[in-house]
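S.K.: fold the stuff below for me.
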Amino acid sequence: SKPGMLAVLMAANALAFSPGSSFMHNAITPAARARLWPTGVRRSLSCGPRFLMVAQEDSALSSARRKFTIGSFSAAALATFGPPARNAMAESQVAAAVEFNQLGGDLPCCKVLTGMWQLSGAHGYRPDKVKTVEAMKKHVEAGFTTFDLADHYGNAELMTALFRKEHPELWAKSQFYTKWVPMPGDMKRSVVEKAVNERLKRMGTEKLDLLQFHWWDYGSKNQYMEALKHMQDMVDEGKINHLALTNFDTQNLESIVNGGIKIVSNQVQYSIIDQRPQKFMAPFCSKNDIKLLAYGTVCGGFLTDKYVGHKKLKNEDFDTVSKQKYYNMIRAWGGWDLFQELLAKMKIVADKHGVSVANVAQRWVIDQPSTGGAIVGARLGLQEHIDDNLRVFGFKLDKEDFDLIASVTSQSNDLFKVIGDCGDEYRG
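M.R.: Here you go, the predicted model:
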């Protein structure tokens, strides 16, 4: 297949090891692991590209939440949350108000979404529900009201229900984007409805803000189209506010749109080193009012100040499954030496604006056409980056900045040629 062995590696590391996982397919053999993993950082893998990791609302509050628009949030955020935090890196610069986009014309989407993948495990800590909810409270109070989660992100969906119970007013101002990632099979109405009802029950809500759908096998197009048509019906019935996709390529996205399904976003990997969406995906989305939700924007933590001048990696640098995944993306992109050149240039840009390297990485993605927001994962309850993320909204990259970054990325491999279109790394 086009993505080849890289696809197997990327897919194997792309999903977290959920405590509730129940499906395992196409296991990577020890011989394949030995070829693909760098010496010293190999670890046992038992999954492949098709591994699936697997309250009632007050009516007045429900009404208030449904009416909560992007415009009203902008005013409410300033009134409720007060002035933004001061930039500790540059005393003269103050972070601006959190910026928002809209999905589907009415669903607020923070331009920096809080990713909850880390709750699924393999990220160096054991999530605590009390600390997780407290961390969610801090994010929303700071203006980061949009959370990205999934059916296979450990207890992430359950945490949104607990958050609602503990902080109903903040919950009403928040947006929770979940996912459904089924194995290919029978997609009759009862199967789809059961999955949607499970999301509603786990999240303790009567209507899903956004349901993002992933499908492993493009060869079973009739099945995924049937599933999407049932979900579209549930949008009309009021169970789902908006329908979205995750990791679909441009060709299949176009088929879905032409099939009459209203899609408001597609979640794909998009970063300074992975610019594949620019080739076909972003132009198509621009023409069809579809936003891209970008993950991998800071490469699991490698696109940060910590790794500037970091010439040699050690075992402790691979303490999360995210770093294991994105290191292999860096290798495919051009290798660690070229990556160091990129970090050096990004550091120049960061120092110029008094921000962090991670801020530059996020801002670069946010400012790309069709981007709805950049997902930044957080180990909620252990380590968050609220103050640093706020600085993203206090500056803009100029042409000189973009050109300086491009002076390095232009030397890299074309990941579209290496891997394929968006999401192809998940399909063998």
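S.K.: how near is residue 131 to residue 278?
M.R.: When C-beta to C-beta, to the nearest Å is the yardstick, residue 131 and residue 278 sit 39 Å from each other. For the C-beta atoms, the positions are set from N, CA and C on the backbone; glycine is no exception.
S.K.: and what of residue 313?
M.R.: Here the criterion is C-beta to C-beta. By it, residue 313 lies 28 Å from residue 278.
S.K.: once you drop chain neighbours, what's closest to residue 135?
M.R.: In space, residue 135 comes closest to residue 380 once its chain neighbours are excluded; the distance is 4.0 Å by C-beta to C-beta, 6 or more residues apart in numbering.
S.K.: repeat for residue 145
M.R.: Taking C-beta to C-beta, 6+ apart as the measure, residue 145 lies nearest to residue 174, with 4.6 Å between them; neighbours along the chain are not counted.
S.K.: contacting residues for the one you found?
M.R.: 140, 145-147, 163 (C-beta atoms under 8 Å, 6 or more residues apart in numbering).
S.K.: now, those that are in helices?
M.R.: Counting by DSSP state H, the part of the contacts of residue 174 found in helices is 140, 163.
S.K.: show me where this protein dips below the pLDDT cut-off.
M.R.: Judged by pLDDT under 70, the chain has its weakly predicted residues at 1-95, 120-125, 381-383, 428.
S.K.: rewinding a little: and the contacts of residue 174, which two are furthest apart?
M.R.: The largest separation in those, counting by C-beta to C-beta, is between 146 and 163 at 13.2 Å.
S.K.: which one's more surrounded, those two?
M.R.: Regarding residue 146 and residue 163, a neighbour count based on other C-beta atoms under 10 Å identifies residue 146 as having more, with 29 against 25.
S.K.: helices and strands around the helix or strand where residue 346 lies, which ones?
M.R.: With elements delineated by DSSP states H and E, residue 346 resides in helix 336-353, which encompasses its position. In this structure, helix 336-353 packs against helix 321-333, helix 357-366, helix 399-409, with contacts taken as 3 or more C-beta pairs under 8 Å, 6 or more residues apart in numbering; DSSP states H and E.
S.K.: which stretch of helix or strand covers residue 179?
M.R.: Of the helices and strands defined by DSSP H and E, residue 179 is found in strand 175-180.
S.K.: and the next element down the chain from that strand?
M.R.: helix 189-203.
S.K.: list the buried residues of that following helix.
M.R.: Using 16 or more other C-beta atoms under 10 Å as the burial criterion, the residues of helix 189-203 that qualify are 192-193, 195-196, 199-200, 202-203.
S.K.: these into JSON lines, with extra columns for distance to residue 391?
M.R.: As requested, those are arranged in JSON lines below (distance: C-beta to C-beta, whole Å):
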{"residue": "192", "distance to residue 391": "42"}
{"residue": "193", "distance to residue 391": "43"}
{"residue": "195", "distance to residue 391": "39"}
{"residue": "196", "distance to residue 391": "38"}
{"residue": "199", "distance to residue 391": "34"}
{"residue": "200", "distance to residue 391": "36"}
{"residue": "202", "distance to residue 391": "34"}
{"residue": "203", "distance to residue 391": "31"}
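S.K.: what is the neighbour count of the closest residue to residue 395 other than its chain neighbours?
M.R.: Nearest in space to residue 395, with sequence neighbours left out and distances taken as C-beta to C-beta, 6+ apart, is residue 353 at 4.3 Å. For residue 353, the tally of surrounding residues (other C-beta under 10 Å) stands at 21.
S.K.: pretty sure residue 353 sits against residue 392.
M.R.: No - using C-beta atoms under 8 Å, residue 353 makes no contact with residue 392, being 10.5 Å away.
S.K.: overlap in contacts of the two?
M.R.: residue 359.
S.K.: and residue 246, what does it touch?
M.R.: By C-beta under 8 Å, 6+ apart, the contact list for residue 246 reads 179, 181, 212-214, 266-268, 423.
S.K.: what comes up buried for stretch 289-296?
M.R.: Using 16+ other C-beta under 10 Å as the burial criterion, the residues of stretch 289-296 that qualify are 290-296.
S.K.: now the residues you listed in CSV, with distance to residue 305?
M.R.: Supplementary listing: those in CSV, determined by distance: C-beta to C-beta, whole Å:
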residue, distance to residue 305
290, 33
291, 29
292, 26
293, 25
294, 21
295, 21
296, 18
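S.K.: only C-alpha atoms, please: export stretch 177-193 in CSV.
M.R.: Extracted C-alpha coordinates of stretch 177-193, given in CSV (Å, rounded to 0.1, in the frame of the first residue of the first chain):
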residue,chain,number,x,y,z
TYR,A,177,-16.5,17.5,20.9
THR,A,178,-16.5,13.7,21.2
LYS,A,179,-15.9,10.9,18.7
TRP,A,180,-17.3,7.6,17.7
VAL,A,181,-14.7,5.1,16.3
PRO,A,182,-16.4,1.9,15.4
MET,A,183,-15.0,-1.2,13.8
PRO,A,184,-16.3,-1.7,10.3
GLY,A,185,-19.4,-3.8,10.2
ASP,A,186,-23.2,-3.6,10.2
MET,A,187,-24.3,0.0,10.5
LYS,A,188,-28.0,-0.4,10.7
ARG,A,189,-30.0,2.3,12.6
SER,A,190,-30.1,0.3,15.8
VAL,A,191,-26.2,0.0,15.9
VAL,A,192,-25.6,3.7,15.3
GLU,A,193,-28.3,4.8,17.7
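S.K.: just the helices in the stretch 101-250 of the chain please.
M.R.: Under the criterion DSSP state H, counting those that start in this stretch, the stretch 101-250 of the chain contains helices at 129-142, 156-166, 168-172, 189-203, 221-237, 250-258.
S.K.: quick one, which of those helices is nearest to residue 346?
M.R.: Put simply, out of the helices of the stretch 101-250 of the chain the one that sits nearest residue 346 is helix 129-142, at 24.4 Å, with distance taken as C-beta to C-beta.
S.K.: and that closest one, what's buried?
M.R.: By neighbour count, and taking 16+ other C-beta under 10 Å as the criterion, the buried residues in helix 129-142 are 132-133, 135-136, 139-142.
S.K.: name the residues that touch it?
M.R.: When contacts are taken as C-beta under 8 Å, 6+ apart, the neighbours of helix 129-142 outside the stretch itself are 80-81, 85, 98, 114, 119, 145, 147, 155, 158-159, 162-163, 166-167, 170, 173-174, 378, 380-382, 384, 386, 390.
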